[in-house]
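**Q** Pasting a predicted model and its sequence here:
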Amino acid sequence: MKLNIPNEVLATYKKLENSGFEVYLVGGCVRNLLLKKGVNDWDLTTTATPQQILKNFPSGFYDNQFGTVGVPLKNKQIIEITTYRTEHGYIDRRHPKKVSWGKTIEEDLSRRDFTINSIALKIKAQPQGLTHEIVDPFKGQEDIKNKIIKAVGNPKKRFKEDALRLIRAIRFATELLFTIEDKTWEEIVNDSRLIEKISKERIKDELLRILESDYPYEGIMLLKNSGLLEHILPELLKGEGISQERPGRHHKSDVFTHNILSLKFCPSRDPIVRFATLLHDIGKPYVASKDEKGLVIFHNHEISGAKIAHQICERLKFSKKDREKIVNLIRWHMFTVDEKITDAAVRRFIRRVGVENVKDMMDLRIGDRLGGGTQQAESWRLKLFKKRVEEQLSPAPFSINDLAIDGNDVMKILGIKPGPKVGEILQKLFEEVDEDLSKNTKEYLTKRVKKLNE
């Protein structure tokens, strides 16, 4: 195996080794090297204590009790260097009560989560180039070859020590398209409720990594079948068994299946957009009713869904920016693409969803269509609507700043001082002109200002 290791990482490794310490590459970086995948995060483990590591790397930082020192590299990456350790007495299904420095690499590897992450690699410099030696006490290489996710040692113990491993197993299986070993899977199912002990931020991070993988649909199904989804997104499961079939409607499945199929077919790679697509019809079970013919209807499900999505995003500690985007996409996903709508209506659509979200909304709509059983990603009406949106976006959508008069003009015309009234008049002018851009002249707007002040 040819080692593709950045020079800065090699230099860090050699500096510790030259100082007399045992050092190995470990964890995900070794796994990805073996899989011939790109490595984003580099981790080292060593016999050096945190204080000894900091002595070698004064720019490093150590602000935890787990023996991990972060060392910044010139490319702005952080390489994490952790002292061999053993862990004892997990008290909150996440963190060990006691951490002791370990003596051997095998001892350190035995505390890790899955066999594919419990492989260490020692670099050796030879005249012909770099060679390496692998330490693999739990047969992680064999599991990589067989595409298996397997807990290190006793899975009952592993998941009760750290319940975050429950969703990490799903994430690794999804990202790598691996199968979870039977005993490991059995314990994930048995211990699924323990995920409630984990911080919502960590759950969100793992969920987003599942969503940004090549197989987000499969990842969500693994969460469902393991019982984890019930504790992470119980609102999503309320769509099970809620039929959407009725004459003239393209939906052929229940609400839950439609949501996850929409995720599967959403063309966006952005996990935030994918999450919005997954939740886009989450409001339907909460507003489901029947019409006079006894057929199910979902009036205002987008409004209900936006409220529920807001609550979910708050619970999972999404950032304000991501939360607002998700809620916005769900709130307005029922936009009409009727070819008879006016240009003003197209501009209102752009303002509602935001210029920066227009493409994401189109991607959600495509996922929605394909997830409902339609064979074509875009109807002719959607294609026409997209073209009209592009026309309104070029060079930029009409805004209040494009009015032929501004606040200073309003104050001069009416002889008033700055205040809320100025903004109110400008807003009314904008709404009127937006319906008919030919009215955007100084002469016409001056007359309207006087009229609005009567």
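**A** Good, I have the coordinates. Residues are numbered from 1 along each chain as shown.
**Q** which residues of the stretch 1-150 of the chain fall in helices?
**A** Ranges of helices in the stretch 1-150 of the chain, per DSSP state H, counting those that start in this stretch, are 7-18, 28-35, 50-56, 105-109, 140-145.
**Q** what sits up against the third one?
**A** The reference is to helix 50-56. 15-16, 19, 21, 46, 48, 60, 62, 67-69, 71, 81, 83 (CB atoms under 8 Å, 6 or more residues apart in numbering). For glycine as for every other residue, the C-beta is placed from the backbone atoms N, C-alpha and C.
**Q** Drop anything exposed from the residues you listed.
**A** Those of those that meet the buried threshold are Leu16, Phe21, Thr46, Ala48, Gly60, Tyr62, Gly67, Thr68, Val69, Val71, Ile81, Thr83, by 16 or more other CB atoms under 10 Å.
**Q** From what I see, Val30 and Ile119 are in contact.
**A** Yes - the criterion here is CB atoms under 8 Å, and Val30 meets it with Ile119 at 4.8 Å.
**Q** list residues touching both of these two?
**A** Joint contacts of Val30 and Ile119 (CB under 8 Å, 6+ apart) are Ile134.
**Q** ok, and the closest non-adjacent residue to Thr441?
**A** Ala404 (5.5 Å; CB to CB, 6 or more residues apart in numbering).
**Q** ok, how many other residues are close to Met411?
**A** Residues lying near Met411 (other CB atoms under 10 Å) number 17.
**Q** Which strand or helix spans it?
**A** Using DSSP states H and E, Met411 sits in helix 407-414.
**Q** Could you list the buried residues of that helix?
**A** Buried residues in helix 407-414 (16+ other CB under 10 Å): Asp409, Val410, Met411, Ile413.
**Q** Tell me the one of those residues nearest Leu279?
**A** Closest approach between these and Leu279, by CB to CB: Val410, at 42.3 Å.
**Q** how near is Ile81 to Gly20?
**A** Counting by CB to CB, to the nearest Å, the gap from Ile81 to Gly20 is 15 Å.
**Q** separation between Glu435 and Ala345?
**A** 9 Å.
**Q** Next: Lys421.
**A** Taking CB to CB, one finds Lys421 at 28 Å from Ala345.
**Q** Contact partners for the spatially most central residue of the chain?
**A** Against the mean C-alpha coordinate of the chain, by CA atoms, centre = their mean, the closest residue is Leu208 at 2.9 Å. By CB under 8 Å, 6+ apart, the residues touching Leu208 are Pro271, Ile272, Phe275.
**Q** measure the last one to Gly227 for me?
**A** Here the distance between Phe275 and Gly227 works out to 20 Å (CB to CB).
**Q** Those two: which is more packed in?
**A** Phe275 (29 against 16).
**Q** Checking my notes, that one in a strand, right?
**A** No - using DSSP: H, G, I helix; E, B strand; the rest coil, the assignment for Phe275 is helix, not a strand.
**Q** just checking, it touches Arg209?
**A** No - applying CB under 8 Å as the test, Phe275 and Arg209 come out as separate, 11.7 Å apart.
**Q** Which stretches in the stretch 151-300 of the chain count as helices?
**A** Going by DSSP H, counting those that start in this stretch, the stretch 151-300 of the chain shows helices at 155-161, 164-176, 182-190, 200-211, 216-226, 229-232, 234-237, 255-265, 271-279, 284-287.
**Q** Distance to Asn300 and mean pLDDT added to those, as a markdown table?
**A** Compiled in a markdown table, the helices of the stretch 151-300 of the chain are given as follows (distance: least, CB to CB, whole Å; pLDDT from 0 to 100):
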| stretch | distance to Asn300 | mean pLDDT |
| --- | --- | --- |
| helix 155-161 | 41 | 92 |
| helix 164-176 | 33 | 98 |
| helix 182-190 | 37 | 98 |
| helix 200-211 | 27 | 97 |
| helix 216-226 | 26 | 98 |
| helix 229-232 | 26 | 98 |
| helix 234-237 | 17 | 97 |
| helix 255-265 | 15 | 97 |
| helix 271-279 | 16 | 98 |
| helix 284-287 | 6 | 94 |
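**Q** Pull up the distance across stretch 433-450, start to finish.
**A** 16 Å (CA to CA, to the nearest Å).
**Q** What average pLDDT does it get?
**A** For stretch 433-450, mean pLDDT is 90.
**Q** Can you name the residues in contact with it?
**A** In contact with stretch 433-450 (CB under 8 Å, 6+ apart) are residues 342, 344, 347-348, 398, 402-405, 409-410, 413-414, 425, 429, 432.
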